[in-house]
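[1] predicted model and sequence follow; I will ask about them next.
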Amino acid sequence: MKILVTGSKGQVGWELRNKGVDQGLTITGVDIEEIDIADKRAVEELVGDVAADLVVNAAAYTAVDAAEENAELAFQVNRDGPANLATACRQGKTPLVHISTDYVYGGDQEGAYGEDDPMAPLGVYAQSKADGDQAVATLLAEHVILRTAWVYGVHGHNFVKTMLRLGQEREQLSVVDDQTGCPTDAADLADAILAIAHQIRQRENMQWGVYHFCGRGQTTWYGFATEIFRLASQYETFKVKSVEPVPTSAYPTPAKRPANSVLDCSKIKRSFNIVPRTWEESLADMLERYYHNPKRSIKEERRS
Ligand SMILES: NC(=O)c1ccc[n+]([C@@H]2O[C@H](COP(=O)([O-])OP(=O)(O)OC[C@H]3O[C@@H](n4cnc5c(N)ncnc54)[C@H](OP(=O)(O)O)[C@@H]3O)[C@@H](O)[C@H]2O)c1
C-alpha cells in the first residue's frame, strides 16, 4: 500500500512515516520544503504523480497564538490546503485522511464532545481548521476527518518537552488548571491512522466521515504537568520544586482556548475497533522512548 503523507516532518507526520515504513508500506513523505499545500497546482501535480492508495494530511499551521496575527497564512494552510488536497484526491479517486482538532468546538459544553456536536471555533486557528474540515467534507466523499487533541511526541515541539525544559530552568512553575482535555501521543495517533488505512484498503463498506481519536481519560494542563514530572523524575533530576495550579486568567494568551475539549472516542471504536490507551500509559511510554533514544537530540537539532 502506498501512502502520501503531507506534513511529514511534523509531530504526527514523522511518526506516521516511520511507523508506515516499519509496517512495510510505501510512504511518500513531503513537508513544506517539497510542497506547499496552499499551492493548488503543486498539490494537483503531486497527488497525480505519486498516485498513492491514500493521502494523509498531517500538514497544518499549528501556531495557535501567532495565527491571530497571521490569519491569512493560517487560512491558506488550514482551509485552502485541505481543500486543494480534497480536490486533487477527488480527481485521482484517492481517499483522504485529514487530521483536525478539538479546537473546532467551543469548549463550553458539559461532558465530552461527540462528532456531531456543532463546531464553534474560538480563534483564527480554530476557525481555519473548522473551515478545512468543512472543505474536505464538501469536496470529497471518501474522507476521514480525524479530530485529535493536546498532541505531544518524541519528535517536534510540544507541551511535554516544554515542561521538561522549564523543569530544568525554574524552581517554581504555574500551569493552567481550568482547561480540561485529552493528551494524545503522536505515535498512538499514527497507529490509529495506519489501522484506518488498512481498513480503507480492505473494507467494502467503509464508513467515511468525522472521527475522534485522543488519549483515554481526561486531565487539565496542570494535571498533565504533574504527571510529566512524576514520570520523568525516574530519568532525570529536575530543578523545579513546585508546580502550582493557576486559572486561565493568570496566563492570558492572544488566542482563546476551549475550557473543555474532551473528545468522545466511542465512534472510532464502533466503526474501526480502535481503542485509545489511557493518556497516562501513553505518556509513560513516550517518556521511556524519549529518554532511551540516543538519536533524539540529533533529530531535534535538525528540526529546530
Ligand atoms: N499539536 C497539537 O496539540 C494538535 C492538537 C489537535 C490537533 N492537531 C492537528 O494535528 C495535525 C498535526 O499536528 P502536529 O502537532 O503534528 O503539527 P506540527 O508538528 O506543527 O507539524 C505540521 C507540519 O506541517 C508543516 N507545514 C506547515 N505549513 C505547511 C504548508 N503550507 N504546506 C506543507 N506543510 C506545511 C509544518 O512545517 P513547519 O514546522 O516548517 O511550519 C510541520 O512540519 C494538524 O492538523 C493539527 O492541526 C494538533
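    Arrived safely, thanks for sending.
[2] quickly find the element holding the residue nearest to Tyr103 when sequence neighbours are not counted.
    Of all residues beyond its chain neighbours, the one nearest Tyr103 is Ala126 (3.9 Å), with distances taken as Cβ to Cβ, 6 or more residues apart in numbering. (C-beta placed from N, C-alpha, C; glycine too.) If you go by DSSP states H and E, Ala126 is part of helix 124-139.
[3] now the angle from the helix or strand immediately after that helix in the chain to helix 124-139?
    Once the chain leaves helix 124-139, the next helix or strand it forms, by DSSP H and E, is strand 143-148. Relative orientation of strand 143-148 and helix 124-139, computed by axes from the mean of the first three to the mean of the last three Cα atoms, to 10 degrees: 160 degrees.
[4] what's in contact with strand 143-148?
    86, 89, 95-102, 104, 115, 133, 136-137, 184, 189, 192-193, 196, 200, 208-214, 263 (Cβ atoms under 8 Å, 6 or more residues apart in numbering).
[5] who in the stretch 101-250 of the chain is up against the ligand?
    Proximity of the stretch 101-250 of the chain to the ligand (Cβ under 6 Å from any ligand atom) is limited to residues 101-102, 129, 148-151, 156.
[6] highest neighbour count among these?
    Neighbour counts for those, by other Cβ atoms under 10 Å, peak at Lys129, which reaches 32 neighbours.
[7] need the contact list for that residue.
    The contact partners of Lys129, by Cβ under 8 Å, 6+ apart, come to 60, 78, 100-101, 103-104, 121.
[8] and those, which two are furthest apart?
    Ala60 and Pro121 (14.1 Å; Cβ to Cβ).
[9] neighbour count winner among those two?
    Using other Cβ under 10 Å as the criterion, Ala60 and Pro121 rank with Ala60 on top: 25 against 21.
[10] isn't there a strand covering the more buried one?
    No. Under the criterion used here (DSSP: H, G, I helix; E, B strand; the rest coil), Ala60 is coil, not part of a strand.
[11] and it, what pLDDT?
    pLDDT recorded at Ala60 is 98.
[12] now do the contacts for the nearest residue to it once chain neighbours are set aside.
    Distance criterion Cβ to Cβ, 6+ apart; nearest residue to Ala60, sequence neighbours excluded, is Asn78 at 5.6 Å. Contact analysis of Asn78 by Cβ under 8 Å, 6+ apart lists 60-61, 125, 128-129, 131-132.
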